[in-house]
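Chemist: My questions are about this predicted structure, shown below with the sequence.
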Amino acid sequence: MQDDAKLKIENIYMRFGGLVALDNVSLQVKRGEILAIIGPNGAGKTVLLNCISGFYRPQEGNIYFEGERINSKAAHQRGKMGLARTFQNIELYSGLTTVENLMAARQAYMKSNFLANALYFGPTHKEEIEHRRIVEDIIDFLEMESIRDTVVGVLPYGLRKRVELGRALALEPKVLLLDEPMAGMNLEEKEDLCRFIIDIYEGQGNMYPDTPTLRDGVDTIALIEHDMGVVMSLADRIVVLDFGHVIAEGTPSEIKVNPAVIKVYLGEEVF
Amino acid sequence: MNTDKPVYIIPGLLIGNAQRWPDKVAMRKKDRGIWQEYTWGDVYKKVKYLSLGFMALGLGKGERVTFVGDNEPELEWGIFAVQSAGGLTAGAYPDSIPSELKYIAEHSDSKFAIANDQEQCDKFIQLKNELPGLKKVIYWDPKGLAHYDDPLLMSYDELIEMGEQFEKEHPTAFEDSVASIEPEDFCALYYTSGTSGLPKGAMMSHRNLIKFGEGTVYKCGVRPDYNLLSVASSAFIGSTFVATIPCLLTGATLNYPEEVETLVRDTREVGPQLIANVPRNWEAMVAMTEMRVMDAGFLKRLFYRLFLPVGFKRADFSYAKQRPNLLWRLLIWLAEVTLFRQLKDRHGLLNARVATTGSAAMSPDTFRFWRSLGISLRQIYAGTEAGYISGHDTDDIKDDTVGTLVPGVEARVSHAGELLVRSESMFRGYYKDPEKTQASIKDGWFHTGDAAHIADDGHVVYLDRVTDLAHMASGESYAPGYIEGRLRYSPYLKDAIVLGDNRHFVASIITIKYDNVGRWAEKNHVSYTTYADLSQKEDVAGLIRKDVDRVNKNLPASTRIKKYVLLHKEFDPDEAELTRTQKLRRSFIEQRYKSIVDAIYGGKEEIAVEASVTYQDGRKGVTRTVVRVRSCE
């Protein structure tokens, strides 16, 4: 096994009844790269992400995270290990505020038990403040000050996506999985989000000394995205899925001229 | 410190405050959800080392520094630092597009720039090759800039470090620099919003700005225990003379909202004693209140309907300077407890002792609304060039005037009806433009371009811009600004522009308020797709017609609005239809929508329009639609 593979997927099969969603898919997400997974609708991209994050269990094949096989780990355990994701359809606590949603993610790192939490004294109080500080850093980073205390359910779509990204960051991920982060956004929102992704990837150094995720950055990101402009400018490497198969893999410039990919996206040769 | 001239130079005031109140809070800014405080001692230290840093970089006396960014304490420190080093600041609005920023940096021959964050730094990096004179851009918010390695950029921390180093080599450099500044030395260029033509740089001296601020302290009675808000951009003189300088003069605390979007909530938390807003904001607050009430539950609506008329009665008493009888006093008290206190609290006005408006005309209805809540809005009549002209005193507030002259200001009205002023707060001339300076200052009198008259009781009555007083073909004059202000009072109407110059009747081009009209349309089952579509609905025309009729009722028959058009888009500063301070550019709009104007006066019922649109990112697009001409007959 190669050292630089943070996340390794080996020959996985995922069937739903008679439908084969993933057919012998293998790929790696390497340390230090932004990997884009693209493909037409129904190609199996979200299924793949669900297998990685533990919502689905593939019938065959192996998934390794930092060299450890994680097939049998539950989603929340994978989250604790450092796999954080966002969802295509936004899964937030819609009745809670932005801060509360982010604090809920910090739960994974809180040590005090629920009894101490209920009484809320001494160390629990201190712990809460520590976590709140991290959450406030994330709010500052994603420019969510104005919606800090707004119930998430009433926010417009673009902002909810941003809150979801914030929640993924609050988990202090080692690998960030983004499922269509730009879907349904306008040009300006997309530009903002691209900036955020690049800033997350690069890390912000001393701007956020107490929040490791923002300080050091998340050096491994995998995203599913339809906007080709975004994919081409963000990704170091692209994997193309079609009907559950990996049909191509390579740098953006290689993918752009790959005949199989062109066929999938544009149909048969037309030139 | 030389003690015979400290009062009329800005760093002198700062040093004085740091000595008098080293531990008193000077500035407060919300960050990470918590109000962070800076004492006068802290501010002094920051300013001193930033200033030394600028000296180390080679900023010489009289040299210019462009700044661009949101109002934050750091920006104020930077401005004070430049002024302490003997330099001049030139401000650009934070939403300036690169070409606007370039104009100011180029025109002011700026050697350095102060920039807020990544967004503003990116603009300078983009302009780097076009601004060879620009040596360094100093930013205070490093977010997103960690991986920039452009040698043009430098952080505040680095500059402060340079300043500390510089102090070791030149231990008295800061004090020497401050001591060498004379009150008449220039310290700032304020680029006027440019309602006509390219922005001009109005030159201001230390004494100039301080006199300007003294006007506010005098007229608004600012005290050391006051909390003030920094709202308007520092590139605009308003922020300097109603907030920054009064704080320097009195030691009051200046508060900065966390973000522009959190202004309303932050204002509520601060509870400022002095609130200075432009008419648009006051009007927007009225519209917002009415919308909220419309959406509120039955009980709240009932209280609003029940007690607002009590408020109007209270306003009537106050206009008539009468003391209400016992019954009315009781009702007003009841209304205050059940409704008005809550409304004021929502807007952060609970502690407000003084609330001001200025910079443009405001409709009497807006005055009346606030007065019914017990808030007497005072006018501030001032301008970048004209200085502080007049304002209302506490016990002498009249809605139809702009108050009495500030002490030390001389004013007279010319034959053409133009107001001329002479004062120490008046600007000293346009930078690099002696011709325009001579055209506006003649024999020491500044020609304001405002049509006004001074009443017997000393109150200044503002009519309109001299050039904007319009005359119909019959020779009858009318005040478009006044009519526009009245129209804007509606919650459904965003802007209105009144036509009629040399024509046979008065007409108006109106833009609807998308949110509110949209909500109204939903409630009334009017389906629509886009702004353009909504604006042309018959039902919407009927809705707006009510507002036009309301305004027409108070106008002489010959100058009533006979026809109006609901424009298919909003007026937009990105398309230069509004200035950055959101003032309408009437003649520009008339020209831009010439086909519509022609249709109105040509008796047509509708007209197809094709408008090019400039988006915020600079791209251009085209919209096509049919605009109907509505008649009020």
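Modeler: Noted; the coordinates are in hand. Numbering: from 1, shown residues only, chains lettered A, B, ... in the order given.
Chemist: Ramachandran angles for the residue of the stretch 101-250 of chain A found nearest chain B?
Modeler: For the stretch 101-250 of chain A and chain B, the shortest gap (CB to the nearest CB) falls at residue A:146, measuring 3.4 Å. Yep, even glycine has a C-beta here, placed from its N, CA and C like the rest. Phi and psi for residue A:146, reported as degrees, to the nearest 10, are phi -70, psi -20.
Chemist: Quick one: residues in contact with the longest helix along chain A.
Modeler: Counting by DSSP state H, the longest helix found in chain A is helix A:122-141. Under the criterion CB atoms under 8 Å, 6 or more residues apart in numbering or on different chains, residues A:98-99, A:102-103, A:106, A:109-112, A:116-117, A:120, A:145, A:148, A:166, A:169-170, A:196, A:199, A:204, A:208, A:210-211, A:213-214, B:31-33, B:143 lie in contact with helix A:122-141.
Chemist: and if you look at stretch A:38-48?
Modeler: A:9, A:14, A:21-22, A:25, A:37, A:56, A:88, A:179, A:224-226, A:228, A:231, A:238-244, A:255, A:264-265.
Chemist: Now restrict those residues to buried residues only.
Modeler: Buried by 16 or more other CB atoms under 10 Å in any protein chain shown: A:9, A:14, A:21-22, A:25, A:37, A:56, A:88, A:179, A:224-225, A:231, A:238-242, A:244, A:255, A:264, out of the contacts of stretch A:38-48.
Chemist: Just the ones of these in strands?
Modeler: Under the assignment DSSP state E, the buried ones among the contacts of stretch A:38-48 contribute A:9, A:14, A:21-22, A:25, A:37, A:179, A:224, A:238-242 to strands.
Chemist: Return the distance of residue B:462 relative to residue B:451.
Modeler: To residue B:451, residue B:462 is 8 Å away according to CB to CB, to the nearest Å.
Chemist: taking the mean pLDDT, what do you get for the helix or strand that residue B:607 is a member of?
Modeler: Using DSSP states H and E, residue B:607 sits within strand B:606-614. In this model, strand B:606-614 carries a mean pLDDT of 78.
Chemist: Which SSE is immediately downstream of that strand?
Modeler: Moving toward the C-terminus from strand B:606-614, the first helix or strand encountered (DSSP H and E) is strand B:620-631.
Chemist: What residues of the worst-scoring helix or strand of chain A on mean pLDDT count as buried?
Modeler: The helix or strand of chain A with the poorest confidence is helix A:114-119; it has a mean of 73 (mean pLDDT, DSSP states H and E). Under the neighbour-count criterion of 16+ other CB under 10 Å, helix A:114-119 has residue A:116 buried.
Chemist: How about residues contacting it?
Modeler: A:110, A:123, A:124.
Chemist: Out of these, grab the one that's most surrounded.
Modeler: The residue in the contacts of helix A:114-119 with the most neighbours, by other CB atoms under 10 Å in any protein chain shown, is residue A:124 (18 neighbours).
Chemist: and whichever residue of the stretch 101-250 of chain B sits closest to chain A, what element?
Modeler: Residue of the stretch 101-250 of chain B nearest chain A, by CB to the nearest CB: residue B:146 (4.3 Å). Under the assignment given by DSSP H and E, residue B:146 is not contained in any helix or strand.
Chemist: quick one: the strands in the stretch 251-400 of chain B?
Modeler: With DSSP state E, counting those that start in this stretch as the criterion, the stretch 251-400 of chain B has strands at B:253-256, B:274-277, B:354-358, B:377-383, B:387-391.
Chemist: cool, and the stretch 151-271 of chain A?
Modeler: Under DSSP E, counting those that start in this stretch, the stretch 151-271 of chain A gives strands at A:175-179, A:220-224, A:237-242, A:245-250.
Chemist: Am I right that residue A:84 sits in a strand?
Modeler: Yes. Assessed with DSSP: H, G, I helix; E, B strand; the rest coil, residue A:84 lies in a strand.
Chemist: If I look at it, what pLDDT would I see?
Modeler: Per-residue pLDDT puts residue A:84 at 89.
Chemist: Quick one: low-confidence residue ranges for chain A.
Modeler: Low-confidence segments of chain A (pLDDT under 70): A:1-3, A:268-271.
Chemist: Residue 26: what's it in contact with?
Modeler: You didn't say which chain, so I picked chain A. A:9, A:10, A:11, A:12, A:61, A:246.
Chemist: try again with chain B
Modeler: B:17, B:38, B:39, B:40, B:42, B:43, B:247, B:251, B:253, B:254.
Chemist: If we use 7 Å, what do you get?
Modeler: Counting by CB atoms under 7 Å, 6 or more residues apart in numbering or on different chains, residue B:26 makes contact with B:17, B:38, B:39, B:40, B:43, B:253, B:254.
Chemist: ok, and the closest non-adjacent residue to it?
Modeler: Excluding the flanking residues, the one nearest residue B:26 by CB to CB, 6 or more residues apart in numbering or on different chains is residue B:40, at 4.4 Å.
Chemist: again with residue B:126
Modeler: Nearest in space to residue B:126, with sequence neighbours left out and distances taken as CB to CB, 6+ apart, is residue B:98 at 5.6 Å.
Chemist: Test my guess that the one you found contacts residue B:124.
Modeler: No. Using CB atoms under 7 Å as the test, residue B:98 is too far from residue B:124 to be in contact (8.5 Å).
Chemist: In terms of neighbours, single out the busier of those two.
Modeler: It is residue B:124, of residue B:98 and residue B:124, that has more neighbours when counted by other CB under 10 Å, with 24 against 15.
Chemist: where does the more buried one fall, helix, sheet strand or coil?
Modeler: helix.
Chemist: can you check residue B:142 too?
Modeler: coil.
Chemist: Could you report the neighbour count for it?
Modeler: 19.
Chemist: how about it, phi and psi?
Modeler: phi -80, psi 0.
Chemist: coming back round to it: now for the residue nearest to residue B:26: which residues touch it?
Modeler: Residue B:40 sits next to B:17, B:18, B:21, B:22, B:24, B:26 when contact means CB under 7 Å, 6+ apart.
Chemist: Chain A: which of the residues you listed is nearest?
Modeler: The closest of the contacts of residue B:40, once distances to chain A are taken by CB to the nearest CB, is residue B:26, at 22.7 Å.
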